[in-house]
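this one's structure only:
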């Protein structure tokens, strides 16, 4: 199968508020006022957690029937542990990103606990966002100056 490319365009608007665009859709990311933002949107790490949760949920819904899971309801709560001293430069030894991400799945289905556990293992393994976090991609940087 051919590789597909996903594109995003992120533009600084004002302060630390940014416009994020993909496929004709747009969202605003920002920081709380306490971090120098205008609090007009979630911050990037919150958006990342929500992207992970959304991807896990979509994978669950997409594959439930094929995996013989009679899904009635599905919800994911996520918590990320982050030391702001890392990215703020206050502690050079502190990790700059999340040091731990905890997911809690709330699943209502007419299946055994073992079947649901196996299904959640499949969902984690199949989710592209989860895979990207667990198996970091190669990064390439290009700089264009004006």
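Received the coordinates, thanks. These numbers were taken from a predicted model, which means no experiment stands behind them.

Could you tell me the end-to-end distance of stretch 19-35?
Distance across stretch 19-35, first residue to last, is 18 Å (CA to CA, to the nearest Å).

Begin at 25 from now on, thanks
That works, and once the first residue is 25, the last one we named lands at stretch 43-59.

hmm, who's touching that stretch?
30-35, 37, 39-42, 61-68, 71 (CB atoms under 8 Å, 6 or more residues apart in numbering). Using the backbone N, CA and C atoms, a C-beta is placed for each residue, glycine as well.

Stretch 81-88 too?
By CB under 8 Å, 6+ apart, the residues outside stretch 81-88 that reach it are 93-95, 98-100, 131, 133, 143-144, 146-147, 150-151.

So which of those residues wins on neighbours?
Of all the contacts of stretch 81-88, residue 147 has the most neighbours under the rule other CB atoms under 10 Å, reaching 27 neighbours.

which residues sit in contact with it?
Counting by CB under 8 Å, 6+ apart, residue 147 touches 80, 83-84, 87.

could these go into a markdown table alongside distance to residue 164 and pLDDT?
Shown next, in a markdown table, are the contacts of residue 147 (distance: CB to CB, whole Å; pLDDT from 0 to 100):
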| residue | distance to residue 164 | pLDDT |
| --- | --- | --- |
| 80 | 27 | 98 |
| 83 | 27 | 98 |
| 84 | 32 | 98 |
| 87 | 32 | 98 |
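
Now the two most distant members of the contacts of stretch 81-88.
The distance between the two most remote of the contacts of stretch 81-88 (CB to CB) is 20.7 Å, for 94 and 151.

State the next helix or strand along the chain beyond the lengthiest helix in the chain.
The residue-count maximum for a helix in the chain (DSSP state H) belongs to helix 68-87. Sequence order places strand 95-105 as the next helix or strand after helix 68-87, per DSSP states H and E.

what's the spacing between that following strand and its chain's center?
12 Å (CA atoms, centre = their mean, to the nearest Å).
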